[in-house]
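Chemist: Prediction below, plus the sequence it came from.
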Amino acid sequence: MAKSANINIRIDPDVKSRSEALFANFGITVTDAVNMFLHQSLMVGGLPFELKQPRYNAVTEAAMQEARDIMSGKIQTKSYSSFSELLEDLEDA
């Protein structure tokens, strides 16, 4: 089958260059890798890998939940009108 369709994508330049270097180790181009990905997706009827949410340790999970609670207003936090005011409060503590 002739290759006649183009796909244009925007990608971080660092990711592109690192991917090119990786795939060159296998003797293929990024275009070859994308074609392989698309063919495999068609063969399995979806993404050819399992999607998972990242899991963090308990301390990180707790910190992220605390940040969500602060942003949603569930936890009230102290606010300062200036950096100097913050420093004064820290010195008093």
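Modeler: Good, I have the coordinates.
Chemist: what about stretch 23-38, start to end distance?
Modeler: Stretch 23-38 has an end-to-end distance of 16 Å (criterion: CA to CA, to the nearest Å).
Chemist: Check stretch 67-79 too.
Modeler: One end of stretch 67-79 sits 15 Å from the other (CA to CA).
Chemist: Which residue is the nearest non-sequential neighbour of residue 48?
Modeler: residue 40 (4.0 Å; CB to CB, 6 or more residues apart in numbering). Just so you know, the C-beta spots here come from the backbone N, C-alpha and C atoms, and that holds for glycine as well.
Chemist: Check which helix or strand the spatially most central residue of the chain maps to.
Modeler: With distances taken as CA atoms, centre = their mean, the chain has residue 54 as the residue nearest its mean C-alpha position (9.7 Å). Residue 54 belongs to no helix or strand when assigned by DSSP states H and E.
Chemist: Also residue 71?
Modeler: Counting by DSSP H and E, the element that carries residue 71 is helix 58-72.
Chemist: Ok, residue 38 next?
Modeler: Element membership for residue 38, per DSSP H and E: helix 30-44.
Chemist: For that helix, give the mean pLDDT please.
Modeler: Here helix 30-44 scores 96 as its mean pLDDT.
Chemist: Give the buried residues for it.
Modeler: Neighbour-count burial for helix 30-44, counted by 16 or more other CB atoms under 10 Å, picks out residue 30.
Chemist: what packs against that helix?
Modeler: Helices and strands in packing contact with helix 30-44 are listed as helix 13-25; criterion 3 or more CB pairs under 8 Å, 6 or more residues apart in numbering; DSSP states H and E.
Chemist: Quick check: the residue nearest to residue 86 when sequence neighbours are not counted vs residue 74, distance?
Modeler: Of all residues not flanking residue 86 in the chain, residue 80 sits nearest, at 4.4 Å (CB to CB, 6+ apart). From residue 80 across to residue 74, the span is 21 Å (CB to CB, to the nearest Å).
Chemist: what bits of this protein have low per-residue confidence?
Modeler: 1 (pLDDT under 70).
Chemist: Show me the domain layout of it.
Modeler: 13-44, 58-92 (automatic domain parsing).
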